[in-house]
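Novice: any chance you can model this:
(one chain, ligands or ions: 3)
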Amino acid sequence: MRRHAVAIIAGDGIGPEVIEAAIPVLDGAAAKHGFGLDLERLPYSATHYLKTRETLPEAAFRHLRDDVDAIFLGALGDPRVPGNEHARDILLGLRFRLDLYINFRPVRLLHPDLTPLRADRRTIDFVIFRENAEGVYLGRGRITGDEYVAEEVNTAKGVERIIRAAFEWARAHGRTRVTMSDKSNAVPAHLVWQQKFKAISQEYPAITPEHRYVDALALELVREPERFQVVVTNNLYGDILSDLGAGLVGGLGLAASANLHPGRAGLFEPVHGSAPPLAGKGVANPMAAVLTGALMFEQLGHAQAARDLERAVQQTIAAGVRTPDLGGKSTTREVAEAISAAL
Ligand code: NAD
Ligand code: IPM
Ligand code: MN
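Specialist: Ligands and ions are numbered 1, 2, ... in the order given. This is a model prediction of the structure:
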């Protein structure tokens, strides 16, 4: 039986709850589809940081880089660490240092009553390719006196590879349109997005390239989400648009993401954060974590198991077994158990 080494960083707030709820579901799906997971739980979190002053030790980083097939992460963020230092080192640190330049975030409506939009706006199925290794997230800049300066890094190589990833995915999945979004009318550095998009799109004649400034795209995603298939954008806009996308299809309790570099181990995390007000109450929706597990299975070469997990989540939603964020009364654990039963 094929086995995969998966490192778990449950993290803070609702992170540990959704991860612990999702693990038996993923184990069950793996067993059903003839493979196994060797799980290793790592302690890195706000609590660990406050106790030891350690965010992600170098040896742990090397272990994650060299020895595992995937990293499955809950969420990082804790009011006791207002500067978010541990999340910067662990989450952003892993994205940057493992060069996981693709942040893949699907937006799909799993049940018609989950969208706040009108009934004729209910075929929502697009993916966001968020650039994940550059942008303002690198934290370059300076603070001099009253001036707080943030620099946004857009390299030709970085922009080219995320745009290419979006087109490659579109081609492999039979999609016919790729929308690139920037703010090149106001930010001169975004001209590199225009140049690369124009050049790369010519290599994919079966795919229609289109461009939207990010402000206009935010509006259109709300007004006409069914038009969009693949959106490619920078790190910050991708962060914002992925929460907007989640809002179109039921909220953060359902939004999954994968941080990828083709050929390497990926980092898989729900789009949501640690939701401190919900922590410890047993009400967090574990579906985003389960659907994130599906993205992990897909990446590990188990597409059938991934589809099966998605179907089981969809069936559970349809059966009305839902946490309060989706209008239900079920607990984290009841939802996870219902997904397992649907498998
Ligand atoms: P958040 O995603 O944690 O929560 C926002 C709201 O969304 C919550 O209050 C809750 O109402 C809802 N929500 C989120 N996940 C849910 C779930 N699984 N089930 C039900 N409802 C859910 O965003 P925030 O409040 O802006 O951030 C809280 C902390 O999380 C901050 O420290 C932030 O930096 C961090 N954060 C971490 C990650 C990550 O680790 N990947 C992502 C986003 C935010
Ligand atoms: C996300 C989160 C992170 C980001 C935060 C916690 C740094 O919001 O994964 O979407 O901005 O990338
Ligand atoms: Mn975010």
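Novice: would you map the strands across this protein?
Specialist: Counting by DSSP state E, the chain has strands at residues 2-11, 35-42, 70-75, 102-108, 125-131, 141-144, 147-150, 177-182, 208-213, 230-233, 256-260, 266-270.
Novice: and this protein, which residues reach ligand 1?
Specialist: Contact residues (C-beta under 6 Å from any ligand atom) of the chain with ligand 1: 14, 18, 75-77, 84, 91, 252-253, 269, 272-275, 277-278, 284-285, 288, 323, 325. (Each C-beta comes from the backbone N, C-alpha and C, glycine too.)
Novice: quick one: buried ones out of those residues?
Specialist: Buried members of these, counted by 16 or more other C-beta atoms under 10 Å: 14, 18, 75-77, 91, 252-253, 269, 272-275, 278, 284-285, 288, 323, 325.
Novice: those in helices, which ones?
Specialist: 18, 288 (DSSP state H).
Novice: so for stretch 106-126, mean pLDDT?
Specialist: The pLDDT scores in stretch 106-126 average 91.
Novice: can you give me phi and psi for whichever residue of the stretch 51-200 of the chain sits closest to ligand 1?
Specialist: Residue of the stretch 51-200 of the chain nearest ligand 1, by C-beta to the nearest ligand atom: G77 (2.1 Å). Here is the backbone geometry of G77 (degrees, to the nearest 10): phi 150, psi 130.
Novice: so H190 sits against S181, correct?
Specialist: No: checked against C-beta atoms under 8 Å, the pair H190 and S181 is beyond contact range at 9.8 Å.
Novice: with only the CA atoms kept, save stretch 238-248 in PDB.
Specialist: Only the C-alpha atoms of stretch 238-248 are listed here, as PDB (Å, rounded to 0.1, in the frame of the first residue of the first chain):
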ATOM      1  CA  GLY A 238      -5.200  37.100  -4.400                       C
ATOM      2  CA  ASP A 239      -5.600  37.100  -0.600                       C
ATOM      3  CA  ILE A 240      -8.400  39.600  -0.700                       C
ATOM      4  CA  LEU A 241     -10.200  38.100  -3.700                       C
ATOM      5  CA  SER A 242     -10.100  34.600  -2.200                       C
ATOM      6  CA  ASP A 243     -12.100  35.800   0.900                       C
ATOM      7  CA  LEU A 244     -14.500  37.600  -1.500                       C
ATOM      8  CA  GLY A 245     -14.800  34.300  -3.400                       C
ATOM      9  CA  ALA A 246     -15.400  32.400  -0.200                       C
ATOM     10  CA  GLY A 247     -18.200  34.900   0.600                       C
ATOM     11  CA  LEU A 248     -19.900  34.000  -2.700                       C
END
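Novice: how about it and ligand 2, touching?
Specialist: Yes: using C-beta under 6 Å from any ligand atom, we find that stretch 238-248 touches ligand 2 at D239.
Novice: for Q314, give me its contacts.
Specialist: Counting by C-beta atoms under 8 Å, 6 or more residues apart in numbering, Q314 makes contact with 110-111.
Novice: what number of residues lie near V136?
Specialist: V136 has 15 neighbours, counted by other C-beta atoms under 10 Å.
Novice: correction: the previous question concerned A258.
Specialist: Look at A258: counted by other C-beta under 10 Å, it has 21 neighbours.
Novice: that one pairs with what?
Specialist: Taking DSSP bridges, one obtains F104, F268 as the residues bridged to A258.
Novice: cool, and R142?
Specialist: Beta bridges link R142 to V149, judged by DSSP bridges.
Novice: number of nearby residues for the residue in the chain positioned nearest to ligand 2?
Specialist: Closest residue of the chain to ligand 2, C-beta to the nearest ligand atom: D239 (4.4 Å). For D239, the neighbour count with other C-beta under 10 Å is 19.
Novice: hang on, it packs against R130?
Specialist: Yes: counting by C-beta under 8 Å, D239 touches R130, with 6.7 Å between them.
Novice: and the closest residue to the residue of the stretch 51-200 of the chain closest to ligand 1 other than its chain neighbours, how far from T47?
Specialist: In this structure, G77 finds its nearest non-sequential neighbour in S274, 4.3 Å apart by C-beta to C-beta, 6 or more residues apart in numbering. Using C-beta to C-beta, to the nearest Å, one gets 11 Å for the distance from S274 to T47.
Novice: let's see the pLDDT reported for the residue of the stretch 51-200 of the chain closest to ligand 1.
Specialist: On the pLDDT scale, G77 gets 98.
Novice: so it makes contact with G13?
Specialist: Yes: using C-beta under 8 Å, G77 makes contact with G13 at a distance of 6.6 Å.
Novice: which residue comes closest to the residue nearest the centre of the chain once chain neighbours are left out?
Specialist: The chain has S257 as the residue nearest its centroid, 2.0 Å off, counting by C-alpha atoms, centre = their mean. In this structure, S257 finds its nearest non-sequential neighbour in R105, 4.6 Å apart by C-beta to C-beta, 6+ apart.
Novice: could you measure from that neighbour over to G158?
Specialist: As defined by C-beta to C-beta, R105 lies at a distance of 18 Å from G158.
Novice: tell me which of these two has more neighbours.
Specialist: Just comparing R105 and G158: by other C-beta under 10 Å the higher neighbour count belongs to R105, 25 against 21.
Novice: in this structure the more buried one contacts N132, no?
Specialist: No: shown here, R105 and N132 do not form a contact pair, counting by C-beta under 8 Å, at 10.1 Å.
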